[in-house]
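Participant: I would like to see how this sequence folds:
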Amino acid sequence: SEVLVGTDTHWQHVVVPGWYGEGERSVEICSAAAVWRHGGMPIVPIRWVLVRDPHRRFEPQALLCTEPDQTPEQILCWFIQRWQLEVTFQETRVHLGVETQRQWSDLAIARTTPCLLGLFSLVTLLAAQLRASERNAAASSAWYRKERPTFSDTLAAVRRHIWCEQGFLTSRHGGHGAKPRQALQHAW
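Facilitator: A predicted model of the protein is given here:
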């Protein structure tokens, strides 16, 4: 907090690519190496990065990194990238049941979780094989319009396509299910 309000703080202007999926964002940062002390624990060298928005669209935030040789820009990029990972974990919890498995042993859960994360990737790869109109269909409401489909939209599109394909399995013609079927064959 002292550095944030200090008149002698040297702020560096940085343009961060991929700011939470919105493109580039200009921010100001300052950084230094320090040590982290905790009673009874060894001292840990860190690099701290203080980030502020010159337009005040978000509150200043301090980031800490246990790799003090990293650049402040790299630490900030890692912090931004974590959002995609957090969204992935949230989506796998909500739509695929990660952390809600009903196995009795920790070993069974340790086997199931990677399979469910793999299913997340498989759904994403299958969706990439769909036509753009199917792939980009996003459920929306009168009060909220989405620009891009979420994972739940993507999962629904893949399910619709598979269900449609199952109707064509007895047909002599390839039907619309050829691409996902080919993608599944290549995946296995």
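
Participant: CA atoms for contacts and neighbours, from now on please.
Facilitator: OK.

Participant: select the longest helix from the chain.
Facilitator: What stands out as the longest helix in the chain, according to DSSP state H, is helix 72-96.

Participant: show me what it is packed against.
Facilitator: Identification of packing neighbours for helix 72-96 by 3 or more CA pairs under 8 Å, 6 or more residues apart in numbering; DSSP states H and E yields strand 12-16, strand 25-36, strand 44-52, strand 61-65, helix 106-128, helix 151-168.

Participant: now it: buried residues?
Facilitator: Of the residues in helix 72-96, those buried by neighbour count under the rule 16 or more other CA atoms under 10 Å are Pro72, Ile75, Leu76, Ile80, Thr88, Phe89, Glu91, Thr92, Arg93, Leu96.

Participant: same deal with stretch 153-169?
Facilitator: Asp153, Thr154, Leu155, Ala156, Ala157, Val158, His161, Ile162, Glu165, Phe168.

Participant: of the residues you listed, closest to Arg111?
Facilitator: Closest approach to Arg111 among the buried residues of stretch 153-169 (CA to CA): Leu155, at 22.3 Å.

Participant: thinking again about what came up before, what angle separates the longest helix of the chain from strand 25-36?
Facilitator: In terms of direction (axes from the mean of the first three to the mean of the last three CA atoms, to 10 degrees), helix 72-96 departs from strand 25-36 by 100 degrees.

Participant: got a list of contacts for helix 72-96?
Facilitator: Contacts of helix 72-96 from elsewhere in the structure, counted by CA atoms under 8 Å, 6 or more residues apart in numbering, are 14, 16, 18-20, 29-31, 47-49, 63, 65, 98-100, 116-117, 120, 151-152.

Participant: redo the buried residues of stretch 153-169 as TSV? Include distance to Gln129 and pLDDT.
Facilitator: TSV is the format used below for the buried residues of stretch 153-169 (distance: CA to CA, whole Å; pLDDT from 0 to 100):
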residue	distance to Gln129	pLDDT
Asp153	15	85
Thr154	12	85
Leu155	13	87
Ala156	14	86
Ala157	11	86
Val158	9	88
His161	11	84
Ile162	12	83
Glu165	14	71
Phe168	18	56
